[in-house]
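>>> fold the following and give me the result.
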Amino acid sequence: MVRPVRWICLGLFFVGWYGLLGCSEEDAAVPSPMPVLETTITAQPPQPTLQTQATPTPIVPTATQPVLGIGNDHREAVSPTPETPTTLSPTALLATQEARFPAHYTAVAVQGDRAYVSYGKRLVVLHNVFEPNRMYSGRTHSFLNQINDVQIIGDYIYAALGTPGNMLHTGPTISEKLDTGLQIINVAAFSDLLPSTEFATSGFYNTHFNVFNLTVIDNVAYLVSNFTWEIVDVSDVANPTQIPLDLQHVHEVFHYGRFAVVDEYRYWFDHACYRTACYGTFSIYDTGNPLEFLELGRYESSEEYLDFAVRDDYAYLVSPRSLQILDISDRSQPVALSTTQSLGGRQLALIGHFAYIISNGLQIVDIADPVNPQLVLSLFPDTHLTDIAVENGHMFIVDWDTGLYIFDVTDPANPVEVNHFHRQGGW
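Okay, here's the model as predicted:
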């Protein structure tokens, strides 16, 4: 009896076990998944929900909701109100530009008892320039860009404009659209008796390159940079226009130059450098037609001319290394009389039988003997002089940092300072 009871107990045990697990006959026929397989499934990354897989609703363009990808970034599309770009007033723009490129003194022009000196983009008029200790500054006028050269003819001021530091700025900043070229202003703009709004409309011609030298002859402006040049008709000062010319017959490449008219001739020099070789050319043209370049004579050398002056039958040319004097009595065949090393510079002016040459200082050279010029005096060593002019027995020299100096040169070998202008504080 013991053995049947044991089997009955075992049967009841297994029935109770299956009941506890909740298993039916069908459950027993299909085994449950293996624990390992179940672990593998749960380890997979979650699948995207239906909401993220659905096609997004297209953005309907409205006045306040820009369309993505059409000149707008994501921030503008999300924002219900697009951002308003910040615009600077002309005064704020000028102040920002001057903070980026500090202004310096660059040029001077003299008319009557007034001198006009440039400081960055500003041109300031100085009155009573020939009277010692009685000079005073009057009205200033802001131009479109830095003034590299200035010339006054009649009632108009012609200014050559370029970017500060003699560099062509092309980066995407506020200075990108500042203009370079020629700007013309009526002299009345500098009258202390008239409001600045009562002078004639100015003209502007954009060259899209820095203009370093300017010469106006017979209503024609010659604008020169360090790699090209243009000729502009300024007969209508309110609307200067380019004169299209084929200049290949003048010279293939103009790297730096300046025009001058003396008596019945036009004079022009240029210099160019290729790799380690440099050369300069001094040319003489007829003045019959300012738009025609009928070359009468030419002189070429290895000097890099930066400025020149002509008087009587002599031409005086300066390079960074030397002063060269040419005999031009025969305009068709200029002949070099002397080349004096160590008397080089950037600009020169003549008074009496002396040449004033500016470079890192001022050199006064006796040119009475064109074959043997002699240095008389050196002044202001290690200064950065940028312009020179001689008018009414006075010399005007511009220092890059410290302003305009005016000297009485009644005795050309011994200049006597009579006035000095330097910007004090704000304008």
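>>> please name the nearest non-neighbouring residue to residue 415.
Among residues not flanking residue 415 along the chain, residue 407 sits closest, at 3.8 Å (Cβ to Cβ, 6 or more residues apart in numbering). Backbone N, C-alpha and C define where each C-beta goes, glycine included.
>>> next up, the contacts around the one you found.
If a contact means Cβ atoms under 8 Å, 6 or more residues apart in numbering, then residue 407 has 394-397, 415-418 as its contacts.
>>> may I have the host helix or strand of it as PDB, with CA atoms only?
Under the criterion of DSSP states H and E, residue 407 resides in strand 403-408. Taking Å, rounded to 0.1, in the frame of the first residue of the first chain, the C-alpha atoms of strand 403-408 are listed here in PDB:
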ATOM      1  CA  GLY A 403      51.000 117.500 -37.300                       C
ATOM      2  CA  LEU A 404      51.800 120.400 -39.600                       C
ATOM      3  CA  TYR A 405      54.900 122.600 -39.200                       C
ATOM      4  CA  ILE A 406      55.300 125.900 -41.000                       C
ATOM      5  CA  PHE A 407      58.700 127.500 -41.500                       C
ATOM      6  CA  ASP A 408      59.900 130.900 -42.800                       C
END
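>>> state the next helix or strand along the chain beyond that strand.
Taking DSSP H and E, what comes next after strand 403-408 is strand 416-421.
>>> what comes up buried for that next one?
418-419, 421 (16 or more other Cβ atoms under 10 Å).
>>> equivalent analysis for stretch 332-340, please.
Under the neighbour-count criterion of 16+ other Cβ under 10 Å, stretch 332-340 has 334, 337-340 buried.
>>> return the closest of those residues with respect to residue 315.
Using Cβ to Cβ, residue 334 is the member of the buried residues of stretch 332-340 that lies nearest residue 315, at 6.8 Å.
>>> for the closest residue to the closest one other than its chain neighbours, which three-state class applies?
Closest residue to residue 334 apart from its sequence neighbours, by Cβ to Cβ, 6+ apart: residue 299 at 4.0 Å. Classification of residue 299 using DSSP: H, G, I helix; E, B strand; the rest coil returns strand.
>>> residue contacts, residue 299?
Applying Cβ under 8 Å, 6+ apart to residue 299 gives the contacts 281-283, 326, 334-336.
>>> the same query, at a cut-off of 7 Å, please.
Counting by Cβ atoms under 7 Å, 6 or more residues apart in numbering, residue 299 makes contact with 282, 326, 334.
>>> hmm, back to that, so which of the buried residues of strand 416-421 would you say is closest to residue 188?
Using Cβ to Cβ, residue 421 is the member of the buried residues of strand 416-421 that sits closest to residue 188, with 21.7 Å.
>>> who's in contact with the closest one?
By Cβ under 7 Å, 6+ apart, the contact set of residue 421 is 117, 126, 135, 137, 403-404.
>>> quick check: bridge partners of it?
Beta-bridge partners recorded for residue 421 (DSSP bridges): residue 404.
>>> what does residue 398 give?
The partner residues for residue 398, given DSSP bridges, come to residue 387, residue 404.
>>> so what's it scoring on pLDDT?
Here, the pLDDT recorded for residue 398 equals 95.
>>> what's the spacing between it and residue 140?
16 Å (Cβ to Cβ, to the nearest Å).
>>> so for the two, which sits in the more crowded spot?
Shown here are residue 398 and residue 140; by other Cβ atoms under 10 Å, residue 398 has more neighbours (26 against 18).
>>> gap between that one and residue 143?
Residue 398 sits 16 Å away from residue 143, going by Cβ to Cβ.
>>> same question for residue 213.
Going from residue 213 to residue 143 by Cβ to Cβ gives 16 Å.
>>> and the strands in the stretch 101-250 of the chain?
Assigned strands in the stretch 101-250 of the chain, in chain order: 105-111, 114-119, 122-127, 136-142, 146-153, 156-162, 181-186, 203-206, 213-217, 220-224, 229-233, 241-242 (criterion: DSSP state E, counting those that start in this stretch).
>>> for these, give me CSV that also has distance to residue 192.
Output for the strands of the stretch 101-250 of the chain, formatted as CSV (distance: least, Cβ to Cβ, whole Å):
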stretch, distance to residue 192
strand 105-111, 15
strand 114-119, 11
strand 122-127, 8
strand 136-142, 5
strand 146-153, 17
strand 156-162, 16
strand 181-186, 15
strand 203-206, 24
strand 213-217, 26
strand 220-224, 28
strand 229-233, 31
strand 241-242, 33
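>>> between those, which one is closest to residue 378.
Per Cβ to Cβ, nearest to residue 378 of the strands of the stretch 101-250 of the chain: strand 105-111, 21.2 Å.
>>> how about the helices in the chain?
2-21, 25-29, 35-42, 50-53, 74-78, 90-100 (DSSP state H).
>>> where does the stretch 51-200 of the chain dip in pLDDT?
Residue ranges of the stretch 51-200 of the chain with pLDDT under 70: 51-102, 164-178, 194-200.
>>> again, 90 this time
Along the stretch 51-200 of the chain, segments meeting pLDDT under 90 span 51-103, 133, 138-142, 144, 162-180, 188-200.
>>> still on that earlier bit, select only the buried ones of the contacts of residue 421 in ChimeraX?
A single ChimeraX command selects the buried members of the contacts of residue 421 (16+ other Cβ under 10 Å):
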select :117,126,135,403,404
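>>> and residue 360, how many neighbours does it have?
14.
>>> thought it was touching residue 382?
Yes: in this structure, residue 360 is within contact of residue 382 by Cβ atoms under 7 Å, at 5.7 Å.
>>> from residue 148, how far out is residue 281?
22 Å.
>>> more neighbours: which of these two?
Higher neighbour count among residue 281 and residue 148: residue 148, with 24 against 19, using other Cβ under 10 Å.
>>> wait, what's in contact with that one?
With contact set as Cβ under 7 Å, 6+ apart, residue 148 has these partners: 106-107, 160-162, 211-212.
>>> domains of this protein?
Using automatic domain parsing, the domain ranges for the chain come out as 89-217+410-421, 245-383.
>>> ok, which of the ones you listed comes nearest residue 389?
Closest approach to residue 389 among the domains of the chain is made by domain 89-217+410-421 (5.5 Å; Cβ to Cβ).
>>> re the thing from before, CSV please, covering the buried residues of stretch 332-340 and showing pLDDT and distance to residue 266.
As requested, the buried residues of stretch 332-340 are arranged in CSV below (pLDDT from 0 to 100; distance: Cβ to Cβ, whole Å):
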residue, pLDDT, distance to residue 266
334, 94, 14
337, 97, 22
338, 95, 24
339, 93, 24
340, 93, 26
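>>> so which of those residues are in strands?
Counting by DSSP state E, these place 337-340 in strands.
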